[in-house]
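K.L.:
for reference, the sequence and a predicted model appear below.
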Amino acid sequence: MGEITKNVWPEMKTLVFATGNVNKVKEVQLLLPEGFLIQGLADIGCMEELPETHYTIEANSLEKAQYVHEKYGVNCFAEDTGLEVEALDGEPGVDTAFYSGTRDANKNMQLLLLNMRNATDRSARFKTVFTLFVNGVYHQFVGIVTGKIAEKQIGDKGFGYDPIFVPDGADITFGEMEPTQKKHFSHRAKAFNLMTAFLTTNFENSN
């Protein structure tokens, strides 16, 4: 990690979001301040699976961002998110996306609910870490939302584990929330807002 000093960007600040998940791109686009433009991996010709070889969310987020920054020479950011369930000793954690051995969200949720069938403590939290790489320097931003695991899947909005997660302060799952409602609770929104605040503080337009 290092310190980013005041720099001048072009009129439109362009960052590559190092993810192939179009749902995540859509979610953060709702949070963008004026003057920022996000590109996806396809926009820079990156079609390969990004590496995630570490055992913490922070390390995997850093690894993905560093890979794209160094291989493609672009200013970029990556994120890694984990669902940590108290009754399962923090699982699925770094294995959140592949909990069932696949990326199938329904299979992941079904396995999680099965593993919690006898649990009395249903508390859980989502943790997101954004890693920003600009001009060879990186900085990380963390967003956490606490809540509980629902007894069953409810709602067809959002993605991932949204239909079984009820954030504290709400009585419905993320899967029942409209995007504008979800962003008031979202772990991803919290981390992304910290990152954009950092960018707008440390960078200015050229005109």
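P.N.:
Received, thanks.
K.L.:
okay, CA-based contacts and neighbour counts for the rest of this
P.N.:
Noted.
K.L.:
how near is residue 151 to residue 101?
P.N.:
Going from residue 151 to residue 101 by Cα to Cα, to the nearest Å gives 22 Å.
K.L.:
ok, residue 30 next?
P.N.:
Between residue 30 and residue 101 the distance, using Cα to Cα, works out to 31 Å.
K.L.:
just give me how far the helix or strand encompassing residue 142 sits from the chain centre.
P.N.:
Taking DSSP states H and E as the criterion, residue 142 maps to strand 137-149. Taking Cα atoms, centre = their mean, to the nearest Å, one finds strand 137-149 lying 8 Å from the centre of the chain it belongs to.
K.L.:
in the next helix or strand after it, what's buried?
P.N.:
Read in the C-terminal direction, the helix or strand following strand 137-149 is strand 165-167, with elements assigned using DSSP H and E. By 16 or more other Cα atoms under 10 Å, the buried positions in strand 165-167 come out as 165-167.
K.L.:
quick one, helices of the chain?
P.N.:
Using DSSP state H, the helices of the chain run over residues 22-29, 57-72, 105-115, 179-182, 187-202.
K.L.:
lowest average pLDDT across the ones you listed?
P.N.:
When the helices of the chain are compared on average pLDDT, helix 22-29 comes out lowest at a mean of 78.
K.L.:
so that helix versus helix 187-202, what angle?
P.N.:
Computed with axes from the mean of the first three to the mean of the last three Cα atoms, to 10 degrees, the direction of helix 22-29 lies at 50 degrees from that of helix 187-202.
K.L.:
what's the end-to-end length of stretch 35-47?
P.N.:
27 Å.
K.L.:
having no further points to raise, I will conclude here.
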